[in-house]
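*Asks:* How does the following fold in three dimensions:
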Amino acid sequence: MDALHDLLLQWGALFRPYIRDIALAMVATSLVVFGDDINRFIRRQVAGMHFVWRTLIFVLVCAFGYGAFTLFVTPIVARQLAGLSNLWLPWVTLGIFTLLGILAQRRRQA
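*Replies:* Numbers count the residues shown, from 1 in each chain. This next block holds a predicted model:
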């Protein structure tokens, strides 16, 4: 049993140097999965505005809003992942990516 525990700890240690990259991938994947819903919500909010304003708002949201969201949320996710023990880090990471994959697949089918 100790050998299995040590193996799982070593597996988690392999993830540790890449926590920031893993967090960035999680945030970016979430934006891809939920981006259509966000854009649809914004489109409804600005539907009555002039074309120039609608275009400007979409450029600001897509170019700067999503980028700013990624820059601010990635360190938060990375801190949360860094707080996990090496035993749990790989399982939580795989679970989150599996959940995002399931959500993406369901959205594609809907």
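*Asks:* outside of stretch 15-31, which residues touch it?
*Replies:* With contact meaning C-beta atoms under 8 Å, 6 or more residues apart in numbering, stretch 15-31 is reached by 38, 66, 69-70, 73-75, 77-78, 81-82, 86, 89-90, 93, 96-97, 100, 104. (Glycine included, C-beta is placed from N, CA and C.)
*Asks:* Now do the strands in the chain.
*Replies:* Using DSSP state E, the chain contains no strands.
*Asks:* circling back to that earlier point, would you mind checking the contacts of stretch 15-31 for buried ones?
*Replies:* Buried members of the contacts of stretch 15-31, scored by 16 or more other C-beta atoms under 10 Å, are Tyr66, Val73, Thr74, Val77, Ala78, Leu81, Leu89, Pro90, Thr93, Ile96, Leu100.
*Asks:* how about the helix or strand of the chain with the lowest mean pLDDT: buried residues?
*Replies:* Counting by mean pLDDT, DSSP states H and E, the chain has its least confident helix or strand at helix 2-15, which shows a mean of 88. For helix 2-15, a neighbour-count test (16+ other C-beta under 10 Å) marks Leu8, Gly12, Phe15 as buried.
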